[in-house]
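Peer 1: sequence plus the predicted model coming up.
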2 protein chains.
Amino acid sequence: MQKQIKLVRRPVGTPSKEDFEFAHVPVGEPEEGEVLVKTTYISVDPYLRGRMNDAKSYVAPFELDSVITSGVVGQVVQSKSPKFEKNDVVTGSLGWQEYSVAKESEIRKIDTKLAPASAYLSVLGMTGLTAYFGLLDIGKPQEGETVVVSGAAGAVGSVVGQIAKVKGAHVVGIAGSDEKIAYLKKELGFDAAINYKTEDVGTALRNTCPDGIDVYFENVGGEIGEAVLPLLNKFARIPVCGAISAYNNKEADKGLRVQGYLIKTSALMQGFTVGDYASGFKEGSQALAGWYQEGKIQYEETVTEGFDQTIEAFLDLFQGANLGKAIVKVSEIE
Amino acid sequence: MQKQIKLVRRPVGTPSKEDFEFAHVPVGEPEEGEVLVKTTYISVDPYLRGRMNDAKSYVAPFELDSVITSGVVGQVVQSKSPKFEKNDVVTGSLGWQEYSVAKESEIRKIDTKLAPASAYLSVLGMTGLTAYFGLLDIGKPQEGETVVVSGAAGAVGSVVGQIAKVKGAHVVGIAGSDEKIAYLKKELGFDAAINYKTEDVGTALRNTCPDGIDVYFENVGGEIGEAVLPLLNKFARIPVCGAISAYNNKEADKGLRVQGYLIKTSALMQGFTVGDYASGFKEGSQALAGWYQEGKIQYEETVTEGFDQTIEAFLDLFQGANLGKAIVKVSEIE
């Protein structure tokens, strides 16, 4: 038997422990073309909140009384596929459980010599690709332009800012603690960083973006996203990746209407999800791995130890507590 | 001497007569490379409201105590340019006055055999080009897709809907009177039209857009623009042309935040102004003239007679009174 985590109630507003339940279920047996994977790391991500609602979105909602799924790194313990061998380290979208039976098409091998296994849930995984495509395909930063990113110390935002630096932009991050601000400036090379909890964001943006804002990578929405609007330059671009400030709202999310700002500046706002770019994943992964090896992109993790802490690690995302990618370590790689 | 209209006070909220003043000034004398133009038609447009504020926008604000300018059609009465002869009918951005001295680079000749002179202020002028580029460059309607346009009976909206029909889309217009609704359906061939003053726009959109909305051409902003959001299809496009509902707001324009909707559908919102497409004006004008000659694009005008009525004609725009392009007829072409 093994433990797994099921969604038993759709959260109203901020999720709570009572929305989830641990279950004891059989480990399962792989059939032809399948492997049994022992879970090493589980990725906990803000976007999962959206899948907990019973609403049409870009991915189907989670079913009630079913196991939650997200990005997972694990190790093959038994293989009935010619493509995988015992002890291969793999990644895929798998369940919040200690062991998963996975079809060979659901997982891919990862190279733990290139980077630690957990990096494949962050900078070399979906969050890195999210940053890559949102920034480069929609944001299109040019050398010397100003790029602002909110949620800058998070898994996506930290990669956005570093790619923008690679592209020669003036990069300003917005985050929620002095520790994060210091990390962005000292470790990641951001040109400036703003603590939205202690500074007036509008004033701080005017001070740190003397030439206006060309690209705003939106991770948080709400009032932070609005503070950017008066500073947009002509033909500014806003990749809209997330709106974590609104994910737990019970009421409709209301604020400044953007139309007037977009007209004045001929600016573009575009929502996206990494799945829109599936055909480019190989190219994006190679670029990210290259920058990682050259030391141009670093990453940080907030690692929570133990499968039993998975729900807490998820709930912590909405407290703004994590620096970089939030993951849960379930077991050691052998 | 001649009459002209000056802006003497920056409007607060809805403009009023007291913001403007008639002045009596000399007619002026053309120098080398200039012509004297007798004003035939003056274009009154919602976007002029924005230029009356002292705020950075895509065009410079009007100066106080100076003549207001907009699109004008007129006739050359005296030419000191080899490019123009007496009686040529011309168009350009000129003053709200009975006569203008214009540099030869500020005006261009128009062909009144192809269409009535006033059409060069609407379907064959800047409003037609606004519809053309906003819809085709940003909206990119495909055959069989659903296009919704607000301000549908207005100068821009009516052309947007007709071009969308040329492109094979299912076209739904939103306007503010039963007369306008009948005009859109019976005269312009819209598939459906919604009277926002008597119908619940959200319900009416669900009924008239059974396959969702692929393109929303935004002319009005406010609650009408919001009613569209829940119906957007994946990869929907929203050209943001105007937000007339907010132009006279004294307070910040607040409403539903769009981020969540854009993320769910990977939708794009892009502000624009016709000036962004200056390099394509020739191509756009030719396409519009071709469709006009083929009878695929019709236009309607609300003509106010007499220069003295120009201010009223402008103020009427914000009452939603006009059908099609609002123009003022100042004199006859000889």
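Peer 2: Yes, it's here.
Peer 1: what's the nearest residue to A:S93 if we skip its chain neighbours?
Peer 2: Of all residues not flanking A:S93 in the chain, A:T69 sits nearest, at 5.5 Å (CB to CB, 6 or more residues apart in numbering or on different chains). In short, each C-beta sits where N, CA and C put it, glycine included.
Peer 1: and A:D211, by the same measure?
Peer 2: Leaving aside its chain neighbours, A:D211 sits nearest to A:T146 (5.7 Å; criterion: CB to CB, 6+ apart).
Peer 1: A:I163 too?
Peer 2: Nearest non-adjacent residue to A:I163, counting by CB to CB, 6+ apart: A:L135, 5.4 Å away.
Peer 1: is that neighbour in a helix, a strand, or coil?
Peer 2: Following DSSP: H, G, I helix; E, B strand; the rest coil, A:L135 is assigned to helix.
Peer 1: quick check: the residue nearest to A:D211 touching A:Y216?
Peer 2: No: using CB atoms under 8 Å, A:T146 is not in contact with A:Y216; the gap is 9.3 Å.
Peer 1: ok, which stretches of the stretch 101-250 of chain A are strands?
Peer 2: A:107-109, A:146-150, A:170-175, A:192-195, A:213-217, A:232-240 (DSSP state E, counting those that start in this stretch).
Peer 1: and the last one, what other elements does it pack with?
Peer 2: With contacts defined as 3 or more CB pairs under 8 Å, 6 or more residues apart in numbering or on different chains; DSSP states H and E, the packing partners of strand A:232-240 are strand A:213-217, helix A:259-265, strand A:268-271, helix B:259-265.
Peer 1: neighbours of the residue lying closest to A:Q270 once chain neighbours are set aside, how many?
Peer 2: The spatially closest residue to A:Q270, leaving aside those adjacent along the chain, is B:L268, at 4.3 Å (CB to CB, 6+ apart). Residues near B:L268, counting by other CB atoms under 10 Å in any protein chain shown, number 21.
Peer 1: so what's B:L268 up against?
Peer 2: A:268-271, B:138, B:235-238, B:262 (CB atoms under 8 Å, 6 or more residues apart in numbering or on different chains).
Peer 1: just the buried ones from those?
Peer 2: The neighbour-count test (16 or more other CB atoms under 10 Å in any protein chain shown) marks A:268-271, B:138, B:236-238, B:262 as buried among the contacts of B:L268.
Peer 1: nearest to B:V89 among those residues?
Peer 2: Proximity of those to B:V89 was ranked by CB to CB; the top entry is B:I138 with 32.3 Å.
Peer 1: in the stretch 1-150 of chain A, which spans are helices?
Peer 2: In the stretch 1-150 of chain A, the helices defined using DSSP state H, counting those that start in this stretch lie at A:48-51, A:126-133.
Peer 1: which of the ones you listed is buried the deepest?
Peer 2: With neighbours defined as mean count of other CB atoms under 10 Å in any protein chain shown, these peak in mean count at helix A:126-133, which reaches a mean of 27.
Peer 1: please identify the helix or strand for A:I327.
Peer 2: A:I327 is part of strand A:325-329, with elements assigned from DSSP states H and E.
Peer 1: could you check the angle that strand makes with helix A:126-133?
Peer 2: Counting by axes from the mean of the first three to the mean of the last three CA atoms, to 10 degrees, strand A:325-329 lies at 160 degrees to helix A:126-133.
Peer 1: what's in contact with strand A:325-329?
Peer 2: A:40-45, A:118, A:121-123, A:127, A:154-155, A:299-307, A:309-310, A:313-314, A:316-317.
Peer 1: which ones among the residues you listed are found in strands?
Peer 2: Secondary structure defined by DSSP state E assigns A:40-43, A:301-305 of the contacts of strand A:325-329 to strands.
Peer 1: any of the residues you listed buried? List them.
Peer 2: By neighbour count, with 16+ other CB under 10 Å, those hold A:40-43, A:301-302, A:304 as buried.
Peer 1: out of everything not next to it in sequence, what's closest to the residue nearest the centre of chain A?
Peer 2: In chain A, the C-alpha nearest the mean C-alpha coordinate belongs to A:T127, at 4.2 Å (CA atoms, centre = their mean). In space, and not counting its chain neighbours, A:T127 is closest to A:A155: 4.2 Å by CB to CB, 6+ apart.
Peer 1: repeat for A:I327
Peer 2: A:Y41 is the one closest to A:I327 (CB to CB, 6+ apart), at 5.0 Å.
Peer 1: was I right to think A:T208 contacts A:I194?
Peer 2: Yes: here A:T208 reaches A:I194: they are 6.7 Å apart, a contact under CB under 8 Å.
Peer 1: neighbour count winner among these two?
Peer 2: A:I194 (28 against 21).
Peer 1: which bits of the stretch 151-300 of chain A sit near chain B?
Peer 2: A:218, A:221-222, A:225, A:234-235, A:240-243, A:246, A:252-273, A:276 (CB under 8 Å from any CB of the partner chain).
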